[in-house]
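Enquirer: Please work out how this folds:
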Amino acid sequence: MPVNNTPAPDSLPPSALVPRPQKDERWRFLRDVLVFQLKMFLDNVRDFALMPVSLVAALLDLLFKGEREGDLFYRVLSWGAHSEDVIDVYSSIEHKPGSLVTTDYTVDSVVARLERVLQRECEKGGTAASVKAAVDRTIDQIHRETRGPRDATVNTLSRASGALRKSFRRDETAENE
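Expert: Sure thing, here's the model as predicted:
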């Protein structure tokens with residue numbers, strides 16, 4: 001009769017029962033944690049900015065008739081929804097096919113681009129200065145590629161603040177008369 005020298009599962013230490021993660025999985029996990037924290041920060045900054053901007057837009061909509069009732073407010077909501085898709089906080093666990101967001105400019109895509117630049121520079125044996133220069137070039141390229149939407153946003157905000165200033169001037173003039 002053969003003797004089985006394998007210990008029973010309940011006599012093994014707990015660490016022997018848990019499969020060890022592969023090195024790549026551990027780094028992927030750590031990356032996902034860091035990117036999630038970045039996205040949560042961006043999401044909170046966006047929410048913090050949307051609170052006063054949406055109230056100002058609603059106030060402007062009450063004071064000035066637009067093409068439709070609440071026009072500026074709904075534009076702000078649209079921008080907020082779009083930015084939520086761009087940030088995509090939970091992308092580590094899901095992928096949404098058919099998204100209206102240009103995938104080149106989501107937070108994940110920008111992080112991936114910067115990671116590729118860092119990886120290339122490190123593989124070339126780049127110095128800290130060359131890595132910094134490569135990352136700067138990539139960020140400058142992203143800025144050039146997104147100039148149109150950024151300019152449209154700045155233009156909209158500029159018009160809204162001009163309308164608000166004009167409204168306050170009218171109110172002051174009416175009070176002084």
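Enquirer: which residue is nearest the middle of the protein?
Expert: Closest residue to the average C-alpha location of the chain: I87 at 2.9 Å, with C-alpha atoms, centre = their mean.
Enquirer: Assess the claim that that residue and F41 are in contact.
Expert: No: shown here, I87 and F41 do not form a contact pair, counting by C-beta atoms under 8 Å, at 9.7 Å. Using the backbone N, CA and C atoms, a C-beta is placed for each residue, glycine as well.
Enquirer: ok, back up a step: phi first, then psi, for the residue nearest to the centre of the chain.
Expert: Note on I87: its backbone torsions stand at phi -70, psi -40 [degrees, to the nearest 10].
Enquirer: Q119: neighbouring residues, count only.
Expert: Each residue near Q119 was counted by other C-beta atoms under 10 Å, and the total is 10.
Enquirer: Please, which helix or strand holds it?
Expert: Here Q119 is covered by helix 107-123, with elements defined by DSSP states H and E.
Enquirer: could you point out which element follows that helix?
Expert: Using DSSP H and E, the helix or strand that follows helix 107-123 towards the C-terminus is helix 128-145.
Enquirer: If you count contacts, what does that next one end up packed against?
Expert: When contacts are defined as 3 or more C-beta pairs under 8 Å, 6 or more residues apart in numbering; DSSP states H and E, helix 128-145 sits against helix 107-123.
Enquirer: ok, and what's touching the helix it packs on?
Expert: Residues from elsewhere that reach helix 107-123, judged by C-beta atoms under 8 Å, 6 or more residues apart in numbering: 35, 38-39, 42, 86-88, 91, 103, 130-131, 134-135, 137-139, 142.
Enquirer: List the buried residues of the helix holding Q119.
Expert: For helix 107-123, the neighbour count (16 or more other C-beta atoms under 10 Å) marks 107-110, 113, 117, 121 as buried.
Enquirer: Identify, from the residues you listed, the entry nearest to R31.
Expert: R31 has its nearest neighbour among the buried residues of helix 107-123 in D108, at 10.7 Å by C-beta to C-beta.
Enquirer: that older thread, are any of the contacts of helix 107-123 buried, and which?
Expert: The neighbour-count criterion (16+ other C-beta under 10 Å) marks 35, 39, 86-88, 91, 131, 134, 138, 142 among the contacts of helix 107-123 as buried.
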